[in-house]
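> prediction below, plus the sequence it came from.
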Amino acid sequence: MIKQAFGGTYQIMRGMGVTLKYLFKKPVTNQFPDEPVVVYPRFRGRHVLKRHENGLEKCIGCSLCAAACPTQCIRVEAAENTDENRRSPGERYAAVYEINMLRCIFCGYCEEACPTGAIVLEHDFALAEYDRWDAIYTQDKLLEPHQPKYIQIRDDEVFVPQDTWRVNK
Amino acid sequence: MSELVNVTIDGVEVQVPKGTLIVEAAKRAGTEIPVFCYHSKLDPVGMCRMCLVTVGTPVRNRETGEFEVDDNGKQVIRFFPKPMTACTTPVSPGMVVITQSEESIADRRGILEFLLTSHPLDCPVCDKGGECSLQDLTYAYGPGVSQFYLEDKHHSPKKEPLGDLIYLDSERCILCARCVRFEDEIAGDPVLAIDNRGRNSKIVSYSNPKFDSKYSGNTTDICPVGALTTRDFRFGARAWELESTPSVCNLCGVGCNTVLNTRFDEIKRVMPRQNEALNEIWLCDKGRFGHHFNGSQNRLTTPLIKKNGQFEAASWDEALALVARKLELSKEKTGGVAGAHLSNEDLYIFQKLFRTVLGSNNIDHRIGLNANWDDQLAFEVGAGVGTDIGRLKSESAILVLGADLDEEAPVLYLRVRGSARRGAHLINAGGRWTKLDNIAEKSLRYRYGAESALAWGLVAAVLDEGLENKDFVAARVDGFEGLIDAMKSFTPTRAAEQSGVSEDDIRAAARTFAKAENGVVLYGLESGGNESLQAAIKTLLLITGHAGSANNGAIAVLPHANSRGAADMGIVPNRLPGYRPVEGEAGLSAHEMLSPDAPLPALYIVAADPAAQSARYKAAIEATEFVVVQDLFMTETAQLADVVLPARGTAERDGSFTSVERWVQAFDNAVSAPALAWADWLAFTALAGKMGASWSYASADGVMAEITQTVPLYAEMNFDNLTRPISLERKMSHYIYSGTSFTADTREGLQWRSVAEASEAKMPVAFIAPADVPPAEGMTLVAPRVLYDGGTLIAQAEVVSAHIQPAHAVISRKDAAQLGITADDSVTLTVPGASVTVPVRLNGLVPQGIVLVPRNLSGFPAEKLLGSKRLTAVKITKVPVAELA
Amino acid sequence: MWSDVEQKELEEILKKYPTKRSALLPALYLAQREKNWLDDDDILAVAEALEVPVTDVQAVIGFYTLFRREPTGKHMIHVCTDLPCALRGAEDFYARLTRRLGLPSEGGTTADGLFTLEAVPCLAACDKAPMCQIDLQYYENLTDEMIDTVLAQFRAEAQQESGA
């Protein structure tokens, strides 16, 4: 009985010790969104539709992302560029490009399927909406530029040398 | 059956008919040899070299002529030193083919590398991507990388209009010439060619207008790459995103099988669905591009009731209650006109509504120039079940009488032409030159109005030369002696005098037709199809024994998608469904119903626009107290109506059509209709309900179930049978051999049996003296049918609008010279009581003394001049340009 | 478009062939003889006379370089630049000639409409390169001075004609 009581106290003390130790450490908690969140460069977050340097859209509306998508959350409808209304370099552009973010599993297959590098899973992860319909991202929402202030990408050496992680595993 | 030979392909031994090409034999052995230029419907050319295989033949001993055998007793095979093209090499006995030899694989890789030297590799934006032979075969056989420099690629314009419906991207073209060969061989429109040479070779068309062919869309299907694409599907969707719904074309009577490719509830494109018995893999441009009326903004979307001269939107309940109230009053005096675009189910319910609920026989589907055509021939001696009009050979004869198949039934033209190419004896009898004359063995040029004289002349010639089929006559023909007696006064000489065709020609044609093993007669709108003509054709078929079996009999080339079905379903005042005569007195025909002198109290007009056709009809409709119109669009007739009900188009509902060859075929619902549009049968059923009947049809196949019970001809035609999957021999070979994949769960229809087939009873023949007398003096007005007319549906399809012909008249160059008319002039055509002014076109191929004014053009000039007559004498005067302005 | 003489010649040509279509090449030569190129009317006339589709006639013209769809100069100069000739300096000769005539490197028609220059493959006179064919006449072992003399002659002739 007494042994138990002392034992318990000891355990509590030990636990509190850990707590006390972290009181003097720098907190892990991030003051989101006032402070930037640091993510790895290869973090797969919200999609962005890229543009060429001259401002034209990279997307050619080929629908291969939609074909690759395992949850079928992408919808593309294509149309033809004219000289008056030129959206992308070639003949074809995406007139409708929508992603249903509620369905997306961020697998990145769309990025892999894209022949022009137009769709890229970038680093934004704050995708909460008040309305389900707002979670269907339309083309104007997806197109560049999209650089939320609260995201910072780690630029230090984040890649662990290959042989190390093999050993760790 | 022709001689069979044994060949071994990749170790599999198969027996194939002698003369079979290796590529076809390989298909039987379960091996696919990759091809680009080869197409099973076209003559082989061996242009692409993709199908190179290693071929060997058994060695014969030169002295003994015996096959040499090795120590194991096996035949010694000597392989050719070089690879052979499988698409041009016919099999020979004992041949051994190796398709997967190392050198063949290397050959294919090399060929593909060459084909891709200047290919833009823009598969992601190419409309063919996903159903492209080049794409698939490159994945299967091609090299991963090219040895050629990217900068050395040859560039040419990406989007060149080859015609107004087809775009050419010559960067993608591999010069297989499938399109050129299709137009030359199958369509008979030599409007495409390969220009220049080497790397600069390019498909061109210099016809005027460019790519002047009614079959241009087919070239995009058989194009093995994305070089030819259609205008309306450009970037419409990717092939794998489309949903496929089997349907039947509703724009002419051939009944071509189609696939409606839809995405997001919108028809993206219409593709032919393979049915070797009907349309093979072809579709005319009207069928392919004419579907755009479905999505038109001008569709009727809600029932309308006219109040104080203004239409007001109403609910179906209100509208039907009003119609029911009014029809209760008119009852058996009600008249009903139902267009032959409606499905069998609609038509059956329509006549049931009239005959049982209203007690009226006043129903008809024929208005205007078709008003007098009551085709019974198909019922009596229709071309036998299993007739394949596209695969007749030299043992068969085809007589085309007064039909411009190229304009009236385009795919039927392709098939008849195909038969003629394979050696069938084609006799084309017409009043003027038609495109079939290019390939016809014999062209008979009769005087307009003398069609029945010509037909009876053929009968007389058969009898005169003793060419009748005596066994058949003894077994199946009644009244043959009487016929001989009656025909004594009508000799071939007399027929020649009346028809203007020389006696020798009549006799020669009769000989060809009578001696042929199989004989089919196609008669069309221009023949008039009167009683005497029908009797003559029936007699001709019966005495020559060309009735009651496959590939024998008559085909009436009727104008609309379901003209045959309308006759079957009894949408005529004198017959019930299944060609049974009505009990008691016959009702009024459409022409009688639409008489301004004796208007009916109420008219129910469905899918027809009589008011636009003639002033007489318009006056009659205005004089009618209560008019209900049910249609897709606000037609001229609908504007005069008291109640307008919105209907659904073919793509928005299910049902069945009966083609001119009596194929009953079901179509499915592919897209949704405007919210308040109803299928026609549903509207009739609901109306009957308001009038006290308690019908409980839940769907179109429910209606069809009743038809199978009440109409013996349709006893087999329930939807289970109509949607039965297609039998193997009519199924698609792999699309590498034929072009774009026409994926849809293909299904075959059913043909009903004509009297000649269904029973063994004797059939009567009797001479009915030719009645039509050609107008004696002046010019004769003839109203042919053109494919792109001003019909209600096609007028709403914007893509083909450039093809739709404006009102015009065609006269011969010689007549024009005599009358001082030039190609820029307009002419006034005058008949007693009517006159119209239209621009004139000159043509060297129209016979002198004839004015052609196509029917169903905008403004309906032909209908206004002719009324319900077929031919009329017309006065033609030139209109000075100043007066027009 | 056929003149009476041409019409007669065409009939003669047609007699030599089993089908009208076979006479396409000679008929096109005949049609081109007068002005050295074929306009749309010529092509239509040939198509009608031989009952061949216009597209087929156009394709044949496209295949052969000696049928022309655009006006040419009065005299055609063909310089062979194939390998044996090039080895004997034909390429340089051709390049100098283009400059002398004021033409781009791919040849063309001079501003005065007198000459059309083209580099062509083998004219079967490798041993006498650099050489050229002007109209139907061969000029061999050419130097710049020689070709200048020849061209000057043609120019003089043309002047005489226009003067007279």
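Received it, and whenever you're ready, just let me know what you need.
> verify the assumption that B:Gly336 is located in a strand.
Yes: under DSSP: H, G, I helix; E, B strand; the rest coil, B:Gly336 falls within a strand.
> that one and B:Val357 touch, don't they?
No: contact criterion C-beta atoms under 8 Å: B:Gly336 and B:Val357 do not qualify, at 11.2 Å. Yep, even glycine has a C-beta here, placed from its N, CA and C like the rest.
> these two: which is more packed in?
Between B:Gly336 and B:Val357, B:Gly336 has the larger neighbour count (other C-beta atoms under 10 Å in any protein chain shown), namely 30 against 22.
> how close does the closest residue to that one other than its chain neighbours sit to B:Glu280?
On the basis of C-beta to C-beta, 6 or more residues apart in numbering or on different chains, the spatially nearest residue to B:Gly336 that is not a chain neighbour turns out to be B:Ile363, at 4.2 Å. Relative to B:Glu280, B:Ile363 is positioned 36 Å away (C-beta to C-beta, to the nearest Å).
> apart from its neighbours in sequence, what residue is nearest B:Pro17?
Using C-beta to C-beta, 6+ apart and skipping residues adjacent in sequence, the residue nearest B:Pro17 is B:Ser2, 4.6 Å away.
> nope, B:Glu503 is what I was after
Spatial nearest neighbour of B:Glu503, excluding adjacent residues (C-beta to C-beta, 6+ apart): B:Ala496 at 4.0 Å.
> contact partners for B:Val69?
The contact partners of B:Val69, taken as C-beta atoms under 8 Å, 6 or more residues apart in numbering or on different chains, are B:75-76.
> can you rerun that using 6 Å?
Contacts for B:Val69 were tallied using C-beta atoms under 6 Å, 6 or more residues apart in numbering or on different chains; they are B:Gln75.
> tell me how many other residues surround the residue nearest to B:Gly336.
29.
> wait, it touches B:Leu353, no?
No: if you go by C-beta atoms under 6 Å, B:Ile363 and B:Leu353 don't touch, sitting 9.2 Å apart.
> ok, B:Ile363 to B:Ala590 distance?
The separation that B:Ile363 has from B:Ala590, given C-beta to C-beta, amounts to 8 Å.
> same check on B:Glu441?
Plainly put, B:Glu441 is 39 Å away from B:Ala590 if you go by C-beta to C-beta.
> contact partners of stretch B:752-764?
Among residues not part of stretch B:752-764, those counted as contacts by C-beta under 6 Å, 6+ apart are B:380-382, B:384-385, B:476, B:478-479, B:542, B:547-548, B:662, B:713.
> show the pLDDT at the residue located most distally from the centre of chain C.
Computed with C-alpha atoms, centre = their mean, the residue of chain C farthest from its C-alpha average is C:Pro18, at 28.8 Å. Here the pLDDT value assigned to C:Pro18 is 94.
> and the helices in the stretch 51-200 of chain B, which stretches?
According to DSSP state H, counting those that start in this stretch, the stretch 51-200 of chain B carries its helices in the segments B:102-115, B:133-141, B:178-181.
> buried set for the shortest one?
Spelled out, it's helix B:178-181. For helix B:178-181, burial by neighbour count (16 or more other C-beta atoms under 10 Å in any protein chain shown) applies to B:178-181.
> ok, now the longest one?
Residues B:104, B:107-108, B:111-113, B:115 are the ones in helix B:102-115 that count as buried (16+ other C-beta under 10 Å).
> for stretch C:102-113, same thing?
Buried residues in stretch C:102-113, defined by neighbour count with 16+ other C-beta under 10 Å: C:103, C:107-110.
> which one of B:Glu441 and B:Ala590 is surrounded by more residues?
Neighbours were tallied for B:Glu441 and for B:Ala590 using other C-beta under 10 Å; the higher tally belongs to B:Ala590 (29 against 16).
> how about the nearest residue to the more buried one, chain neighbours excluded?
Leaving out its chain neighbours, the residue that sits closest to B:Ala590 by C-beta to C-beta, 6+ apart is B:Asp364, at 3.7 Å.
> list, one by one, the residues from chain B near chain A.
The interface of chain B toward chain A, taken as C-beta under 6 Å from any C-beta of the partner chain, is made up of B:124-125, B:158, B:235, B:238.
> for chain C, what is the nearest residue in the stretch 201-350 of chain B?
When C-beta to the nearest C-beta is the measure, the stretch 201-350 of chain B has its nearest residue to chain C at B:Tyr206, with 4.5 Å between them.
> distance check, that residue against chain A.
26 Å (C-beta to the nearest C-beta, to the nearest Å).
> please report phi then psi for that residue.
Recorded main-chain torsions at B:Tyr206 are phi -120, psi 10, according to degrees, to the nearest 10.
> now the strands: where do they sit in the stretch 451-600 of chain B?
Assigned strands in the stretch 451-600 of chain B, in chain order: B:477-478, B:518-523, B:553-556, B:575-576, B:580-581 (criterion: DSSP state E, counting those that start in this stretch).
> quick one: which of the ones you listed is nearest chain C?
Each of these has some distance to chain C by C-beta to the nearest C-beta; the shortest is strand B:518-523, at 26.9 Å.
> could you give the mean pLDDT of that closest one?
Mean pLDDT, strand B:518-523: 94.
> repeat for stretch A:2-15
With pLDDT averaged residue by residue, stretch A:2-15 scores 90.
> quick one: that stretch to chain centroid distance?
Between the mean C-alpha point of stretch A:2-15 and the mean C-alpha point of its chain there is a distance of 45 Å (C-alpha atoms, centre = their mean, to the nearest Å).
> for that stretch, buried residues please.
Under 16+ other C-beta under 10 Å, stretch A:2-15 has no buried positions.
> could you export that stretch as PDB, CA atoms only?
Coordinates of each C-alpha in stretch A:2-15 appear next as PDB, following Å, rounded to 0.1, in the frame of the first residue of the first chain:
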ATOM      1  CA  ILE A   2       2.700   2.500   1.100                       C
ATOM      2  CA  LYS A   3       4.900   1.200  -1.600                       C
ATOM      3  CA  GLN A   4       2.200   1.800  -4.100                       C
ATOM      4  CA  ALA A   5       1.600   5.400  -2.800                       C
ATOM      5  CA  PHE A   6       5.300   6.200  -3.100                       C
ATOM      6  CA  GLY A   7       5.600   4.500  -6.400                       C
ATOM      7  CA  GLY A   8       2.600   6.600  -7.700                       C
ATOM      8  CA  THR A   9       4.100   9.800  -6.400                       C
ATOM      9  CA  TYR A  10       7.400   8.900  -8.000                       C
ATOM     10  CA  GLN A  11       5.700   8.300 -11.300                       C
ATOM     11  CA  ILE A  12       3.800  11.600 -11.100                       C
ATOM     12  CA  MET A  13       7.000  13.400 -10.200                       C
ATOM     13  CA  ARG A  14       8.700  11.900 -13.100                       C
ATOM     14  CA  GLY A  15       5.900  12.900 -15.400                       C
END
